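# build me a structure from this.
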Amino acid sequence: QVQLVESGGGLVQAGGSLNLSCAASGLTSKLNNMGWYRQTPGNQRELVATISRGGSTNYADSVKSRFPISRDNAKNTVFLQMNYLKPEATDVYYCHAELVTDWGPKYPYWGQGTQVTVSS
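Got it, this is the predicted structure:
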């Protein structure tokens, strides 16, 4: 089992910054990809950014140059630095972690979500 605790959301003016963090506990040695997703109006979760244990990153095109993702494997924590925020970034952001088993299957875990609100 893996538990994810997010922090860092809040209210910010357009053009401002927020730094989201997500700390994992439990079977952290089995975690590979960690990252952030946002909830769409259709209740699907869409990719914002992910990072592997080895540091490989993947970004949504809309945030690639503004939201760098980083990870501290020693502290089992992933960070999303959100810069030059726009009102359309307003959403609930969910931390995601992928547990990889020794026998093959992968299991997703989600945090409780943190609200990001960008005022115009």
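
# the closest residue to residue 4 other than its chain neighbours: neighbouring residues, count only.
Leaving aside its sequence neighbours, residue 4 sits nearest to residue 111 (Cβ to Cβ, 6 or more residues apart in numbering; 3.8 Å). Where C-beta positions appear, they are placed from N, C-alpha and C, glycine not excepted. Residue 111 has 21 neighbours, counted by other Cβ atoms under 10 Å.

# now the strands for the protein?
2-7, 10-13, 18-26, 31-39, 45-51, 57-59, 69-72, 77-82, 91-100, 106-110, 114-119 (DSSP state E).

# mind listing the strands the shortest one pairs with, and their directions?
Partner strands for strand 57-59, per DSSP bridges, with pairing direction: strand 45-51 (antiparallel).

# what angle separates the partner strand from strand 18-26?
Comparing the axes of strand 45-51 and strand 18-26 via axes from the mean of the first three to the mean of the last three Cα atoms, to 10 degrees yields an angle of 80 degrees.

# how far off strand 77-82 does strand 45-51 point, in degrees?
110 degrees.

# what average pLDDT does strand 45-51 get?
Mean per-residue pLDDT for strand 45-51: 97.

# residues contacting it, please?
33-40, 57-60, 63, 67, 69-71, 78, 80, 93-94, 96 (Cβ atoms under 8 Å, 6 or more residues apart in numbering).

# list the buried ones in it?
Judged by neighbour count (16 or more other Cβ atoms under 10 Å), strand 45-51 contains these buried residues: 45, 48-51.

# which of those lies closest to residue 14?
residue 48 (17.9 Å; Cβ to Cβ).

# for that closest one, give its distance to residue 25.
22 Å (Cβ to Cβ, to the nearest Å).

# same deal with residue 31?
11 Å.

# more neighbours: which of the two?
residue 31 (22 against 11).

# how about the more buried one, nearest residue that isn't a chain neighbour?
Nearest one to residue 31, counting by Cβ to Cβ, 6+ apart, is residue 97 at 5.2 Å.

# which residues does the one you found contact?
With Cβ under 8 Å, 6+ apart, residue 97 has these contacts: 2, 4, 22, 24, 31, 33-34, 78, 108-109.
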